[in-house]
Each structure stands twice: as structure tokens, then as C-alpha cells.
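>>> Predicted model, plus sequence, below.
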Amino acid sequence: MRTLKLFLLLLLSSLIGCSKDDDSTTPTQEEAMYFPSNTNSNWETTSSTSLGWNQSQIQSLKDYLFQKNTKSFMILVNGRIVMEEYFDGHTQDATWQWNSAGKTLVSETTGIAQQEGLLDVNNKVSQYIGNGWTNAPQAKEDLIKVSHVLTMSSGLTDTQLVIPSNLTYLEDAGNRWSYSNVFQKLMDVVAASSNQDFESYFNTKLKNKIGMEGFWNNGVIFKIYHSNTRSMARFGLLSLNKGKWMNEQIINENYFNASISTSQNINPSYGYLWWLNGKSSYMVPSDQTVFPGFLVANAPADMYAAMGAEDQRIYVIPSRKMVIIRMGNASDPANPNFALSGFDNALWEKINAVIN
């Protein structure tokens with residue numbers, strides 16, 4: 001009997017020990033990835049104190065954001081809000097333009113259309129929207145695949161106003177990287193292949209699935225997406241999770257991984273309309289110069305980003321399970337830029353002082 005009791009005590013002790021070991025590897029509630037509801041405005045938060053951030057540097061970051069004409073700023077960790085700040089009368093419900101940060105919405109919608117079998121990014125653009133969509137000789141137009149438009153390597157003129165007469169031939173597709181608005185032809189490709197307008201397809205397949213609020217507005221030279229800050233953060237959170245929202249893989253993970261990987265051998269810091277950090281060199285809009293080093297030296301090497309004119313930003317940092325949103329007017333009104341600017345490096349210096 002004593003032997004049996006001893007055996008049972010040892011067995012119980014072993015089970016308790018195993019339970020403790022298992023608990024140590026189980027993520028806490030704050031460590032587990034969180035997704036806000038699609039049906040209400042509740043969004044879980046976590047404190048910067050609990051994350052061990054430098055409290056003495058937070059006000060300096062806020063002051064800098066205000067000085068640089070920011071309208072809104074958010075940081076998510078594991079999907080939870082750590083910082084949510086509004087400036088200059090902007091509010092949680094107010095909408096703002098994404099500018100070229102919205103290119104990433106087009107990229108991922110194109111990926112969804114491919115996974116549904118409506119298109120193939122390796123097919124030529126004219127297969128979907130017909131011949132004569134450029135001013136290039138037909139043989140040169142036929143070289144341009146959907147993937148070339150996704151990667152800014154169509155070889156066409158660096159035009160902002162995308163009309164056939166402006167889309168002239170410079171080099172064969174794939175031989176030149178240049179930042180322009182030719183990307184908007186992807187909207188036409190998706191519309192033609194899905195037999196509906198782009199916005200309807202986008203709303204059904206992406207926006208509504210993650211609870212975004214927003215709309216495409218006809219800008220001066222191309223359609224621009226507008227939304228509130230939390231909707232931008234929702235897309236950032238979807239992107240942090242490689243196209244997965246809650247239990248649904250909305251964007252094929254292989255496609256998403258391709259979209260945040262070097263997409264051509266000319267500008268390694270560019271994917272499928274996403275900007276990539278941590279590469280050996282980079283190029284900037286309206287310039288054929290190749291610069292050595294990281295895109296944003298002060299930012300984590302694994303960061304990928306949606307970048308739009310006047311410093312509209314979605315920074316995604318997988319190593320920190322972090323998403324950062326910045327909306328507002330240009331940080332430097334005298335130099336509104338097309339995408340990348342010196343603001344990124346300066347802002348990351350302030351962010352690092354808080355989170356490191």
C-alpha cells in the first residue's frame with residue numbers, strides 16, 4: 001500500500017511538473033495574436049509600460065509627430081493598440097488619403113484575383129485589357145506582363161497621368177525599374193478579369209472581410225484610397241499575418257510572401273508595390289540612381305512598408321509583431337515627395353528611443 005501511495009505521489013508530481021513546463025511555452029493573452037472584431041468598434045489595448053518601453057521618451061515622440069504635421073499615429077503589438085494619437089483636430093473617425101500607400105491594396109487584390117483563377121501575373125497585360133493600352137510598338141507592349149506592372153518594371157515612361165499616349169516605350173519590360181502610376185492598370189486588369197469594377201471586387205474580397213471602412217476617390221491623376229486610421233491599421237495587421245485574418249487566409253500566403261520579397265534584380269528594396277528594408281541597395285522615385293545600404297537605416301531590417309506621398313505610412317515589423325501607422329500632411333511641406341523621404345529615418349530614431 002505504501003509503495004502504491006508513493007507511486008501515485010510521484011506520478012502526480014510529474015504531471016504537475018509537465019503542466020508547469022507546458023504553461024511556460026504557452027503564449028500569454030497579450031502575447032497571442034489579436035484581431036479586432038469586424039462588427040464593433042472595440043479594440044483591445046496593451047500598455048507601453050507592460051512592454052518595457054522607455055516612458056521618458058514617449059512625449060518626445062509625440063512632440064515630433066506634431067511638429068511634423070502628423071494627423072494620426074498608431075502602434076500595434078500582437079494586434080493590440082499600444083499608442084493611438086490624433087493631432088491638429090483629426091479624430092478616430094476622420095478619413096485621410098493613403099496616396100501611394102494604397103498601391104499595396106491593389107497589389108494584394110491582384111493576388112486574390114489570381115488565387116481565384118481569374119488572372120495570372122505571368123500573363124501579358126493585354127490579354128486582359130486588350131491591345132493598344134500603351135503607345136509602345138505592339139511587339140514591345142506584348143512583353144509587359146502583369147508582374148512587370150506589379151514590380152514597377154514595365155519599361156514605360158515614368159508618367160503620372162496614365163493615358164495611352166503617355167505610356168511610351170523606354171526599355172524592354174524587366175530591364176528598367178522606375179516608379180510611376182502605371183500600377184493603376186492593375187485595377188483595369190482585375191476589373192476585366194472579374195467582370196466587375198475594381199472597387200466592388202476589392203470591397204467584397206478584402207475590405208469587408210477585415211472590417212475596413214473607406215473608399216476609392218478619383219484623384220487628379222489616379223484613384224486614391226481614403227480611410228480612417230484604424231482601417232489602415234487593420235490592413236497593416238492583415239499584412240503582418242501574411243494575408244490571414246482570424247481563421248481565414250484571405251490572401252494566398254505564397255503570393256503575399258512574393259509581394260514582400262525582392263521582385264526584380266534592379267531595385268532589391270521593392271516587392272509587389274511594397275517597399276522592403278534590409279536589402280543591399282535601393283532606388284527612389286524619379287531617379288535612376290542606385291543607393292547602397294538599407295532603405296531606412298534606423299528601422300528594423302525585416303520591415304516592409306506601404307509608403308505614400310506626404311508621408312502616409314504603414315510599417316510592418318514581423319520580428320516585433322508590430323504595425324505602425326502614420327497619416328497626415330507632408331512632414332516637410334517644401335518637399336512633399338512621392339514615397340520615401342528623410343522623415344522615415346528621423347521618425348524611426350524617435351520610435352527606437354521608445355521601444356528599445
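Nice, thanks for sending it over. Numbers count the residues shown, from 1 in each chain.
>>> C-alpha only now, for contacts and for neighbours.
Noted.
>>> Per-residue confidence at residue 296, what does it come out as?
Looking at residue 296, its pLDDT stands at 97.
>>> Over to the closest residue to it other than its chain neighbours. Which of the three states is it?
Nearest residue to residue 296, sequence neighbours excluded (C-alpha to C-alpha, 6 or more residues apart in numbering): residue 345, at 5.5 Å. Per DSSP: H, G, I helix; E, B strand; the rest coil, the secondary structure class of residue 345 is helix.
>>> what about the strands in this protein?
Secondary structure of the chain (DSSP state E): strands at 70-77, 80-86, 96-97, 214-218, 223-227, 244-245, 248-249, 275-276, 281-282, 291-292, 304-308, 312-317, 322-328.
>>> What about residue 194, how many residues nearby?
The local packing of residue 194 (other C-alpha atoms under 10 Å) involves 17 other residues.
>>> which residue sits closest to it in space, ignoring its chain neighbours?
Closest to residue 194 by C-alpha to C-alpha, 6+ apart is residue 118, at 6.4 Å.
>>> could you measure the one you found against residue 191, distance?
Distance of residue 118 to residue 191, given as C-alpha to C-alpha, to the nearest Å: 10 Å.
>>> and residue 45, what does it touch?
Residue 45 sits next to 80, 81, 82 when contact means C-alpha atoms under 8 Å, 6 or more residues apart in numbering.
>>> Identify the residues contacting the first one.
Same thing as residue 80. By C-alpha under 8 Å, 6+ apart, the contact list for residue 80 reads 34, 35, 43, 44, 45, 46.
>>> what two of those are the furthest from one another?
For the contacts of residue 80, the farthest-apart pair by C-alpha to C-alpha is 35 and 46; their separation is 13.3 Å.
>>> Surely residue 36 is in contact with residue 44?
Yes: using C-alpha atoms under 8 Å, residue 36 is in contact with residue 44, at 7.2 Å.
>>> more neighbours, those two?
Between residue 36 and residue 44, counted using other C-alpha under 10 Å, the more crowded position is residue 36 (18 against 15).
>>> Not counting its neighbours along the chain, what's nearest the more buried one?
Per C-alpha to C-alpha, 6+ apart, closest to residue 36 is residue 43, 5.3 Å.
>>> what about stretch 218-237, average pLDDT?
Averaged across stretch 218-237, the pLDDT comes to 90.
>>> first to last residue in that stretch, what's the distance?
Using C-alpha to C-alpha, one end of stretch 218-237 lies 26 Å from the other.
>>> Can you give me the buried ones in it?
Across stretch 218-237, burial judged by 16 or more other C-alpha atoms under 10 Å covers 222-237.
>>> now do stretch 308-315
308, 309, 310, 311, 312, 313, 314, 315.
>>> mind putting the residues you listed in a markdown table, pLDDT included?
Formatted as a markdown table, these follow (pLDDT from 0 to 100):
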| residue | pLDDT |
| --- | --- |
| 308 | 95 |
| 309 | 92 |
| 310 | 94 |
| 311 | 96 |
| 312 | 97 |
| 313 | 98 |
| 314 | 98 |
| 315 | 98 |
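>>> would you turn these into a markdown table with distance to residue 141?
As requested, these are arranged in a markdown table below (distance: C-alpha to C-alpha, whole Å):
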| residue | distance to residue 141 |
| --- | --- |
| 308 | 28 |
| 309 | 29 |
| 310 | 32 |
| 311 | 33 |
| 312 | 32 |
| 313 | 33 |
| 314 | 33 |
| 315 | 34 |
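>>> Not counting sequence-adjacent ones, nearest residue to residue 263?
Closest to residue 263 by C-alpha to C-alpha, 6+ apart is residue 271, at 4.7 Å.
>>> right, I mislabeled it, should have said residue 181
Closest residue to residue 181 apart from its sequence neighbours, by C-alpha to C-alpha, 6+ apart: residue 160 at 5.2 Å.
>>> Perfect, I'm done here.
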